[in-house]
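# Below is the sequence, then the predicted model.
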Amino acid sequence: MPVLSLILDVLFVCLCTSIYGIFRNRRKSLLPLPPGLPRWPILGNALSMPLTYAHVYYKRLGNKLGTKFIYLEAVGQPFLIINDFRAAQDLLEKRSALYSSRPQFQMTTEIIGLKRFFIFMPYGDGWRSHRRVFRQYFDPKYLPRDQEKQLDFVRKSLLPNLLATPEESREHVANCVGGLILSMTYGLPVKTRHDRFVRFAEKTFNDLAAATAPGKYLVNIIPQLQFLPDWFPGTGFIRVAREIVPELDELREEPYQATLDATDEGAVQDCLVSENVEKLRNTPDFDDQIAEVKEVARAVFGAGFESTAGITMTFILAMLKNHDVQRQAQSEIDSVLGPERLPTFSDLSDLPYLSAVIKEVLRWNPVAPIGVPHLTIDEDVYDGYYIPKDCIVISNIYAMLHDEKIFPDPEKFDPGRFIKDGNMANDDLLNPIDVVFGFGRRVCPGSHLAMSMLEITAASILCLFDILPALDTQGKAIDVVPEFTPASITSHPLPFECTFSPRKGKDVEGLLTEYINLEYV
Ligand code: HEM
């Protein structure tokens, strides 16, 4: 009977497949886990996982255990920490189909409710669609359009403010970077100083970054804590979430509405929101699609603002602490530009020493030292070790860029490491640009915008100003000891004092005449 025989055949094949699957899985899971620390019953390594400077701890732990990747477990949740660039490429890039999801941290997705924030979204169609909205507007081929805005913001907002009130450089950098991102996403005029939206967004995302740092709240490790009443000791995260949620909602709705109003008045500039509103205007599912655009617009601010402002402050700190480097970069800029003009994007390729300085800034204090965690969607075997499904994978970008074998004396700020035999480009050396923006399918889609903004900002500042120590009340130079934020997914310098002095031999006011005293960019 052919039907019966067919059924038997199918059953036989299913049985063989299942037995093979069980055998294979068993074989896989019998393999050793990657090296790690001894685990306590139930808690595993939860008590050994640091709340501050996690990247430094994991680098030292890797060195101590003699391993490039470390396996830890916290209350049953597996973690793989990758301290090595090759291993990160092997897993996150070459096997990206397996390694491109994101862990759903209790604090972020459940308690704050950020389920559709595309940086944190799990791998799948929802995430793909958010990334498409981003890419369609910010494709690298449109970089010249965005560079026009970048130049506008640096010249109209940052440089005149550094000249007028040099002691407020942190505020000026934040206003310039935040204003630029607002302008690219919402197309609204931005105040050259103290823009309200920028300040609000800065506060909201600082709070969010601090609240969502892995390890900051135990609830990320023990999700059951979310069910405790808010008076219970250790439930401070509930109050933190209550403050952040309305701020995040306002940040999604208010600038979007302002863009619509400005569009009606014909006063909006080219931007992500207005282009999408126009494109989707007559589609039947306008509301759903525009809801997605609003989420992406807010995410652009969240992802691009703190990172770019943070790395710019790291650049300023590095220049303050390394006068010889500053002088050398300035003399290169002067030799290309002469005394009578400001840098443009086409000058950057003629400034190789500055390019080495930028690489060293990215390496010295990577702004996202542990990247953004990935998650495995299936089990895997690497280098003879078993890696479980649903394992949180942390790429320790800091450890990769502070590996003594690749970058001797890694804490030293030394752009010379990227220069070989007097030649300005040391191509043999690991390029920090290939590391700091992450890996695989989740790699930072805004890296071209960030690099371009950092380079033109650095060239423009060094062209006009000396970055010098501030003076104390006795007129003595204040010595700044570099310190960085302790418990955050982004690492930027803690507030430090410095001043910006117009460079001798340059008519700084003259060069900025047409940009000074503007109220809006
Ligand atoms: C120096 C500045 C920046 C650094 C160092 C940086 C770094 C990163 C890193 C490490 C990731 C995670 C990659 C991974 O999962 O492996 C990321 C993701 C992301 N970045 Fe950036 N970024 C910067 C600036 C920007 C800017 C300016 C934008 C937008 C204008 C942006 C948008 C994003 C987005 C949307 C994601 C999430 C991608 C996803 O999950 O699919 N970033 N960035």
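Thanks, I have it. Numbers count the residues shown, from 1 in each chain.

# got the residues of the stretch 251-400 of the chain near the ligand?
Ala299, Val300, Ala303, Gly304, Ser307, Thr308, Ile311, Val367, Ala368, Gly371, Val372, His374 (C-beta under 6 Å from any ligand atom). (Each C-beta comes from the backbone N, C-alpha and C, glycine too.)

# Could I get these in TSV, plus columns for distance to Asp288, pLDDT and neighbour count?
Shown next, in TSV, are those (distance: C-beta to C-beta, whole Å; pLDDT from 0 to 100; neighbours: other C-beta atoms under 10 Å):
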residue	distance to Asp288	pLDDT	neighbour count
Ala299	17	92	22
Val300	19	94	25
Ala303	23	89	22
Gly304	25	92	24
Ser307	29	92	24
Thr308	30	96	24
Ile311	35	97	28
Val367	34	96	24
Ala368	31	94	23
Gly371	31	94	27
Val372	26	91	18
His374	28	97	29
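
# Show only the entries of these found in helices.
Among these, DSSP state H puts Ala299, Val300, Ala303, Gly304, Ser307, Thr308, Ile311 in helices.

# and Glu360, how far is that from Met313?
15 Å (C-beta to C-beta, to the nearest Å).

# Could you do Ile81 as well?
Ile81 is 27 Å from Met313, by C-beta to C-beta.

# what does Gln474 give?
27 Å.

# Which one's more surrounded, the two?
Met313 (22 against 5; other C-beta atoms under 10 Å).

# Can you name the residues that contact the more buried one?
Applying C-beta atoms under 8 Å, 6 or more residues apart in numbering, we find Met313 in contact with Ser169, Arg170, Val173, His492, Pro493.

# Show me the two of these that sit farthest apart.
Ser169 and His492 (13.0 Å; C-beta to C-beta).

# Does Ala174 lie in a helix or a strand, and which?
helix 169-186 (DSSP states H and E).

# Tell me the gap between that helix and the middle of its chain.
16 Å (C-alpha atoms, centre = their mean, to the nearest Å).

# What helices and strands are in contact with that helix?
For helix 169-186, the packing partners by 3 or more C-beta pairs under 8 Å, 6 or more residues apart in numbering; DSSP states H and E come out as helix 143-153, helix 159-164, helix 196-212, helix 236-264, helix 272-280, helix 286-321, helix 447-464.

# mean pLDDT lowest for which of those?
Mean pLDDT is lowest for helix 196-212 among these, at a mean of 85.

# Stretch 401-420: end-to-end distance?
18 Å (C-alpha to C-alpha, to the nearest Å).

# can you check stretch 94-105 too?
Terminal-residue distance, stretch 94-105 (C-alpha to C-alpha): 25 Å.

# Tell me how far that stretch lies from the chain's centre.
Per C-alpha atoms, centre = their mean, the centroid offset for stretch 94-105 relative to its chain is 17 Å.

# Likewise for stretch 339-359?
The chain centre lies 24 Å from the centre of stretch 339-359; the measure is C-alpha atoms, centre = their mean.

# Just the mean pLDDT for it, thanks.
95.

# same thing with stretch 388-402?
97.

# Can you give me the end-to-end span of that stretch?
End-to-end distance (C-alpha to C-alpha), stretch 388-402: 28 Å.

# do stretch 505-514 as well
Start-to-end, stretch 505-514 (C-alpha to C-alpha) is 20 Å.

# same check, this time on stretch 70-78
11 Å.

# can you tell me which residues contact the one residue in the stretch 1-150 of the chain that gets nearest to the ligand?
The minimum distance from the stretch 1-150 of the chain to the ligand, using C-beta to the nearest ligand atom, falls at Ile119 (4.0 Å). Contact analysis of Ile119 by C-beta under 8 Å, 6+ apart lists Arg102, Ala299, Gly302, Ala303, Val372.

# Can you read off the pLDDT for it?
pLDDT, Ile119: 90.

# and it, what helix or strand is that in?
Counting by DSSP H and E, no helix or strand carries Ile119.

# care to break this protein down by domain?
1-28, 31-512 (the TED database).

# most packed of the ones you listed?
domain 31-512 (a mean of 18; mean count of other C-beta atoms under 10 Å).

# okay, how far is it across that domain, tip to tip?
65 Å.

# Could you do stretch 340-350 as well?
17 Å.

# how about the residues of the chain that lie near the ligand?
118-119, 131, 134, 299-300, 303-304, 307-308, 311, 367-368, 371-372, 374, 436-439, 442-446, 449-450.

# try it again with 5 Å
119, 300, 303-304, 307-308, 311, 367-368, 371-372, 436-439, 442, 444, 446, 449-450 (C-beta under 5 Å from any ligand atom).

# what's the average pLDDT for stretch 83-97?
pLDDT averaged over stretch 83-97 gives 98.

# let's number from 35 now, not from 1
Shifting the count to begin at 35 puts that one at stretch 117-131.

# what are the ranges of the helices in the stretch 335-484 of the chain?
Taking DSSP state H, counting those that start in this stretch as the test, the helices found in the stretch 335-484 of the chain are 357-371, 386-398, 431-435, 467-470, 481-498.

# Spit out the contact partners of Gly100.
Gly100 sits in contact with Pro69, where contact means C-beta under 8 Å, 6+ apart.

# What distance do you get for it to Pro69?
Between Gly100 and Pro69 the computed distance is 8 Å (C-beta to C-beta).

# Go through the helices and strands packed on helix 203-220 and name the closest to Val370.
helix 481-498 (9.3 Å).

# Let me know the next secondary structure element after that closest one.
Assigned by DSSP H and E, the successor of helix 481-498 is strand 499-502.

# hmm, back to that, pLDDT-wise, what's the bottom of the contacts of Met347?
His526 (91).

# In contact with it, which residues are there?
Applying C-beta under 8 Å, 6+ apart, the residues contacting His526 are Glu340, Ala343, Gly344, Ile345, Met347, Thr348, Asn399, Val401, Phe518, Thr519.

# again, only using 6 Å
His526 is in contact with Gly344, Met347, Thr519, counting by C-beta atoms under 6 Å, 6 or more residues apart in numbering.

# ok, now Leu498?
Val542.

# 8 Å instead, please
With C-beta under 8 Å, 6+ apart, Leu498 has these contacts: Leu193, Leu196, Leu197, Leu376, Pro536, Arg537, Lys540, Val542, Leu545, Leu546.

# Show me where the stretch 435-555 of the chain dips below the pLDDT cut-off.
Along the stretch 435-555 of the chain, segments meeting pLDDT under 70 span 456, 458-460, 521-522.

# hang on, Thr342 packs against Ser481?
No: in this structure, Thr342 is not within contact of Ser481 by C-beta atoms under 8 Å, at 10.5 Å.

# backbone phi and psi for the closest residue to Ile272 other than its chain neighbours, please?
In space, Ile272 comes closest to Asp264 once its chain neighbours are excluded; the distance is 4.4 Å by C-beta to C-beta, 6 or more residues apart in numbering. Per-residue torsions, Asp264: phi -70, psi -10 (degrees, to the nearest 10).

# wait, doesn't Asp264 sit right on Arg273?
Yes: between Asp264 and Arg273 there is a contact under C-beta under 8 Å: 6.7 Å.

# Many thanks, I have nothing further to ask.
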